[in-house]
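**Q** got a predicted model here, sequence first, then my questions.
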Amino acid sequence: MKRLRVVLGILVTIVLLSAGSAFDYLQPSVNLGFTSFLDGGPPAGPGHYISEYLQFYSADKLADGPPGEVDAWILLNQYLYQSDQPIFFGGKWGLDVILPVVSLDMDSDFLNDNGTGLGDLLVGPYIQWDPIMGANGPLMLNRIELQTIWPTGDYDKDKNLNQGSNHFSFNPYWAATVFLGPKATVSWRLHYLWSDDNDEFRAVPGGPAPVDLKLEPGQAVHANFAAAYEVMPKQLRLGINGYWFNQISDTEVEGTDVGDDEKVFAIGPGGVWHFSQDAHLFFSAYLESGAENRPEGDRFNLRYVHHF
């Protein structure tokens, strides 16, 4: 056993010194641009909600990595229940469940993908507070969710890009919408990300003499933000939306810091069409910049929300 640990330590050291970008792109999939306008609360109060998200992501640059391109289609299937029962300082409990389906297409001589499959299951109990009211209407909506990401998605340790992360993550957030007047709003969703170990990580998937290593992605903070203006009363809001991701601690492999922290920023136009109080269509586009140790490209997102 001691000899095995020595051999493994030598192998990890060699990989760290020679693989370069082998430890890039190791953060789990999180909410980058899926939510934007009026994010501080469900649009129609208590009840059951079904949301369908369709996002297309295309990157022709793998920042700090090998040459390559990647396209991804992501379908999120969300069920949300908002109760009418106060439990904490007037906040009402709710439950958020999301099941992703992800299709990956990597074009690279050095990296490969796992095709199409299920992503990791997201489950989040939350507390939603009623609007803070002013003399002329609502001033603020906000919510705190203890979101968890469970390793139920497809994962192949011989692939660089997978639908699932093969480890548990804790990704709580605070979402809020502030009303600047009868027509203008700003919204944000601030996340903290912590990830558990992946014990089936391979630094060079499919390479000679593959060895399973213990990977612990670094902690991160990330956020979505948006500002909108009502251009058609009770029907259409237009504005700008964006997101950023910033890894704040090093990723570790077998207890060794491998650095290469991930960062990205994105911004673009968007809006929301209110068909009725119970049916809403959100649309957003994002242009990424400043990426480090992750792909850099464009995102296009549609989200339909229906209240029952």
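**A** Right, received. Where do you want to start? Residues are numbered from 1 along each chain as shown.

**Q** just for this structure, where's the confidence low?
**A** 1-24, 206-209 (pLDDT under 70).

**Q** export stretch 98-116 as PDB, just CAs?
**A** Included here for stretch 98-116 are C-alpha records, laid out as PDB according to Å, rounded to 0.1, in the frame of the first residue of the first chain:
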ATOM      1  CA  ILE A  98     -34.600  20.800 -11.700                       C
ATOM      2  CA  LEU A  99     -33.700  18.000 -14.000                       C
ATOM      3  CA  PRO A 100     -31.300  18.900 -16.900                       C
ATOM      4  CA  VAL A 101     -30.900  17.200 -20.200                       C
ATOM      5  CA  VAL A 102     -27.500  18.100 -21.900                       C
ATOM      6  CA  SER A 103     -26.100  17.500 -25.400                       C
ATOM      7  CA  LEU A 104     -22.400  18.200 -25.800                       C
ATOM      8  CA  ASP A 105     -20.400  18.500 -29.000                       C
ATOM      9  CA  MET A 106     -16.600  19.000 -28.500                       C
ATOM     10  CA  ASP A 107     -14.400  19.600 -31.600                       C
ATOM     11  CA  SER A 108     -10.800  19.200 -30.300                       C
ATOM     12  CA  ASP A 109      -7.800  16.900 -30.900                       C
ATOM     13  CA  PHE A 110      -7.100  16.900 -27.200                       C
ATOM     14  CA  LEU A 111     -10.500  16.800 -25.400                       C
ATOM     15  CA  ASN A 112     -13.700  14.700 -25.900                       C
ATOM     16  CA  ASP A 113     -17.300  14.800 -24.700                       C
ATOM     17  CA  ASN A 114     -19.900  12.400 -23.400                       C
ATOM     18  CA  GLY A 115     -22.600  13.100 -26.000                       C
ATOM     19  CA  THR A 116     -26.200  13.500 -24.800                       C
END
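
**Q** report the buried residues of that stretch.
**A** 98-104, 106, 108, 111-115 (16 or more other CB atoms under 10 Å). Where you see a C-beta, it was placed from the backbone N, CA and C, and this is true even at glycine.

**Q** before we move on, what about stretch 213-231?
**A** So, applying 16+ other CB under 10 Å, buried residues of stretch 213-231: 213, 215-220, 222-228, 230.

**Q** equivalent analysis for stretch 186-195, please.
**A** Neighbour-count burial for stretch 186-195 flags Val186, Ser187, Trp188, Arg189, His191, Leu193, Ser195 (criterion: 16+ other CB under 10 Å).

**Q** tell me if I'm right that Ser58 and Trp73 touch.
**A** No: counting by CB atoms under 8 Å, Ser58 does not reach Trp73; the two are 10.0 Å apart.

**Q** tell me the contacts of Leu62?
**A** Contact analysis of Leu62 by CB atoms under 8 Å, 6 or more residues apart in numbering lists Ser21, Asp24, Tyr25, Gly68, Glu69, Val70, Ser108, Leu111, Arg294, Pro295, Glu296.

**Q** which of the residues you listed are buried?
**A** Asp24, Tyr25, Gly68, Val70, Ser108, Leu111, Arg294, Pro295, Glu296.

**Q** most widely separated two among the buried residues of stretch 213-231?
**A** Leu213 and Glu230 (52.1 Å; CB to CB).
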